[in-house]
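Enquirer: need a 3D model of the sequence below.
(one chain, ligands or ions: 1)
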Amino acid sequence: MPLDLSYVDDTVARLGRAPDAVIPVLQALQDHYGYLPEEALRRVCASTHITPAALSGVATFYDMFRHKPVGKHIVQVCHGTACHVGGAERVEDALRRHLRIPEGDDTDAERKFTIERVACLGCCTLAPVVRIAEETTGYATPEKIPGTIQDFLARPPSPSRTALDQGLQPKPRAASRGGNGGAEIKVCLDSCCRAKGTDRVFQALQESIVLNGANASVKRVGCVGACYRTPMLEVAVPGRSSLTYTGLTLAETERLVSAHCRPQGLARRVSRLWNQGLEVLLLDDGRLTPSPPSPTPSRPPADDQAFFGRQVHIAMEHHGRLDPLDLDEYMAHEGFVALRRCLGDDRSVRSDGSAGSVRSALTSEEIIKTIESSGLRGRGGAGFPTGQKWRLVRQQAEPTKYVVCNGDEGDPGAFMDRMILESFPYRVIEGLAIAAVAVGAHEAIFYVRHEYPQALWRLRAALAEVESRGWLGERLLGSDYPLRISIKEGAGAFVCGEETALIASVEGRRGMPRLRPPFPAQAGLWGKPTLINNVETLAMVPWIIRHGGAAFAGLGTATSKGTKVFSLAGKVRRAGLIEIPMGTTLRQIVEEIGGGVGPGRRFKAVQIGGPSGGCVPARLADTPVDYESLRAIGAIMGSGGMVVLDDTACMVDIARYFLQFTQNQSCGKCTFCRIGTKRMLELLNRLCGGTATRKHLQELEQLAPQVAEGSLCGLGKTAPNPVLTTLRYFRDEYEAHLAGRCPAGKCTALIKYRVRENCTGCTICAQRCPVNAIPMTPYVRHVIDLHKCTRCDSCRQVCPYGAVEVV
Ligand SMILES: Cc1cc2nc3c(=O)[nH]c(=O)nc-3n(C[C@H](O)[C@H](O)[C@H](O)COP(=O)(O)O)c2cc1C
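Expert: All right, here's what the predicted structure looks like:
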């Protein structure tokens, strides 16, 4: 059947015919057709100014674009660092087996499911993570896969996929049945919490409030940071201290409402019994029944004190308190005060925009001086002084300037920017607007990676809300300063986080970095001076303007001022998002805040800074986290991803994992990066596969500094870091691999399983083995057929007697 191409024509009419429309057009076509059909691409070329060469160049450069038909459901398997460490490969193998996806293909014969490997979905505290048709599932294991697929097929679409959080409801509060004085139940609806089911809890609470006639409201809030307690909700009853609950099931939410919320009007009997201190449940048919015991609030204050004790929240100010999309609430908490100050309108904040006392604006010079005096350095990785960059852009004679918020966050193992965009979109918009005013730009762009759908929905909804008040466009916040803000969605290329590649991408080209100078501050987007700042950098700005540069500079170390947000994930007991003063040591982060590694395990290293960073061994954990100290030990702060590794991690495998990532993401423009990383990966594959000789190890050691030296952009220049740091601190593991051993038991080519004498023949391992490598021999010691065995580790994990060992 010929393809209906009317959608192509509509899309082109809607998104434009200019060459820079190419990525949004391709994204829309893929959303519609599931892939990029050739006929549709030809039609695009015929009806726009986009040439076939430009179109195919872009369509084949970005990872998100598919070139052949896909199954009905897309199953994305996250291969971020935390997921890799947590066993993502085994999860993917199990999915392939369960969905019967043939080797070398990614779709099953019935075209029901297509598997997609994703570099990082940014839900690292739930690792390993699988996302099916936009529903994220955390803590995936090979054993859980059949149940996960069955659940997905059985359940109706999550409320979040309909209207709850796609920006269609700026304030999804349950109608309070009782007006004032009722309980307020705060539920985080950010990606990680939703992956643990909080959207369903939210909906159940709303229904339960109506059913019980309870004097209560449910409020959507942003990320608290304590992901280790997800799903979590907080009940605030006026006059009482608030209680938090973790791990609630849907059934428990109803009991929670009856436990905390005084019934109103609906049933006087209920009220009377309530007053007598009896808990009752109002059934659908109107009968009353004693309620089962209400869930117990979780009271781990010691845990929470340790987790939050050292934290200082600036980018994450009011974390877990505000509805991310409630503009009035943001303003009631000093939102837009800083921007007003920069625009000369310092009146007390009123949501209707009515005039108050007006004082003269901070000049751009004063804004820049404040940022300079704060000592703020870019949080995107390079740590360049923010005020200095703003000054450079402002100094350019060219009148047309741009500002760009870099929300590409491609580092696997990092999710700070996702959380900030999801939880505090107005704060980032405010920071971006202040930056624009400071440098004299009238056009600003958010560049956000497409793997963050919720961050994109929220940002769109927040911008629409600000726009609806007439505060964007010709009159920024009612002033006479024009500012337009738009959003560009990334298309799945890590290198596009690099600023010159990002510019190429916004202009509709392949995301290839270029040599600098000229720097983007001098000649950036469309050749005009362009300020590019990271999401977190911009989120710090409103606080600095409100409190002054000195207040920010008073935190942190001599050269690294203020606070830094980190995503703390991997093998740590309390994973989450933390904001700490610079200079906090790695040990304080891992052991105090994170609560150390799991029981019986040994803290081995911290991987910091993603693919550009390094692995810091536990013996150097007293290193303060600041730009200089980390550089001195061969690592970098990067954008703030921190993955804790315990003794189950193989450091050669970690080095290979990162090289695989950078090699895959290399844009191919320069030889050192294109060929050098490929050769390094081949050598690491040999090491992990047990076929490396000492000559190969020597070659790896020689090549690493050459690639760092010769590459064009930061991607290639820093790609060898994970190899160099593991060689420096964990050389013994490289030596062991040369001798054919993987001490951590991770590299599958180097391990075998053996069943010990204490096996009782209980058959659990035989039942769980996905490839029938263990014959079913009840009451007889089991044997593993190593030819069939895929090293999925299921047998070892399920054996109740610890009888399966790795040799
Ligand atoms: C390969 C590569 C990827 C990068 N990815 C990001 C990113 O995802 N987000 C980001 O803000 N900066 C990223 N950067 C750094 C940017 O080039 C740039 O320095 C930064 O956006 C500037 O903002 P800042 O000064 O506020 O840090 C990346 C750099 C390289 C070399």
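Enquirer: and the closest residue to Arg14 other than its chain neighbours, how far is that from the ligand?
Expert: Counting by CB to CB, 6 or more residues apart in numbering, Ala28 is the residue found nearest to Arg14 once chain neighbours are left out, at 7.9 Å. All C-beta atoms are positioned from the backbone trio N, CA, C, and that covers glycine. Going from Ala28 to the ligand by CB to the nearest ligand atom, to the nearest Å gives 24 Å.
Enquirer: helix or strand for Ala28, which one?
Expert: Assigned by DSSP states H and E, Ala28 belongs to helix 22-33.
Enquirer: now do the buried residues in the helix or strand immediately after that helix in the chain.
Expert: Counting by DSSP H and E, the next helix or strand C-terminal to helix 22-33 is helix 38-47. Applying a neighbour-count criterion of 16 or more other CB atoms under 10 Å, one finds 40-41, 43-44 buried in helix 38-47.
Enquirer: one more: stretch 506-515?
Expert: Buried-residue list, stretch 506-515, by 16+ other CB under 10 Å: 506, 508-513.
Enquirer: just stretch 632-648 next, same as before
Expert: Neighbour-count burial for stretch 632-648 [16+ other CB under 10 Å]: 633-648.
Enquirer: which one of these is nearest to the ligand?
Expert: Ser639 (5.8 Å; CB to the nearest ligand atom).
Enquirer: SS state for the closest one?
Expert: coil (DSSP: H, G, I helix; E, B strand; the rest coil).
Enquirer: do I have it right that it meets Pro412?
Expert: No: the pair Ser639 / Pro412 is not scored as a contact, 11.1 Å apart, by CB atoms under 8 Å.
Enquirer: any shared contact partners between those two?
Expert: Common contacts of Ser639 and Pro412 (CB atoms under 8 Å, 6 or more residues apart in numbering): Gly610.
Enquirer: need the strands for the stretch 601-750 of the chain, in chain order.
Expert: 603-608, 614-617, 641-646 (DSSP state E, counting those that start in this stretch).
Enquirer: report the two of the buried residues of stretch 506-515 separated the most.
Expert: Gly508 and Pro513 (16.1 Å; CB to CB).
Enquirer: Glu579 versus the closest residue to the ligand within the stretch 601-750 of the chain, what's the distance?
Expert: Closest approach between the stretch 601-750 of the chain and the ligand, counting by CB to the nearest ligand atom: Gly714, at 2.5 Å. Taking CB to CB, to the nearest Å as the criterion, Gly714 is separated from Glu579 by 25 Å.
Enquirer: for Val201, what are its contacts?
Expert: Per CB under 8 Å, 6+ apart, neighbours of Val201: 187, 231, 233, 248, 250, 253.
Enquirer: give me the average confidence score over stretch 798-806.
Expert: Taken as a whole, stretch 798-806 carries a mean pLDDT of 94.
Enquirer: grab the CA positions of it and hand them over as CSV.
Expert: Output of stretch 798-806 as CSV, limited to C-alpha atoms (Å, rounded to 0.1, in the frame of the first residue of the first chain):
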residue,chain,number,x,y,z
VAL,A,798,18.9,-17.5,42.7
CYS,A,799,20.7,-20.3,44.5
PRO,A,800,19.5,-20.2,48.1
TYR,A,801,22.6,-22.1,49.3
GLY,A,802,25.3,-20.0,47.6
ALA,A,803,26.3,-23.2,45.8
VAL,A,804,27.0,-21.7,42.4
GLU,A,805,30.4,-20.0,42.2
VAL,A,806,32.4,-18.2,39.6
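Enquirer: other residues contacting that stretch?
Expert: Contacts for stretch 798-806 (CB under 8 Å, 6+ apart): 143, 745, 751-760, 762, 764-765, 768, 784, 795-796.
Enquirer: that older thread, the residue nearest to Arg14 and Asp9 touch, don't they?
Expert: No: counting by CB under 8 Å, Ala28 stays clear of Asp9, with 11.9 Å between them.
Enquirer: and those two? Which one has more around it.
Expert: Ala28 (18 against 12; other CB atoms under 10 Å).
Enquirer: what's around the residue lying closest to Thr677 once chain neighbours are set aside, how many residues?
Expert: Nearest residue to Thr677, sequence neighbours excluded (CB to CB, 6+ apart): Gln663, at 4.2 Å. Gln663: 20 surrounding residues under other CB under 10 Å.
Enquirer: Gly596 too?
Expert: 19.
Enquirer: can you start the count at 469 instead of 1 from here on
Expert: Noted, 469 is the first residue going forward, which turns the last one into Gly1064.
Enquirer: identify all contacting residues around whichever strand or helix holds Ile542.
Expert: In the assignment (DSSP H and E), Ile542 maps to strand 541-546. Applying CB under 8 Å, 6+ apart, the contact partners of strand 541-546 are 551, 556, 559-560, 563, 567, 580-586, 588-589, 591, 595-601, 620.
Enquirer: can you do 7 Å?
Expert: Residues outside strand 541-546 that contact it (CB atoms under 7 Å, 6 or more residues apart in numbering): 556, 559-560, 563, 580-586, 588-589, 596-601.
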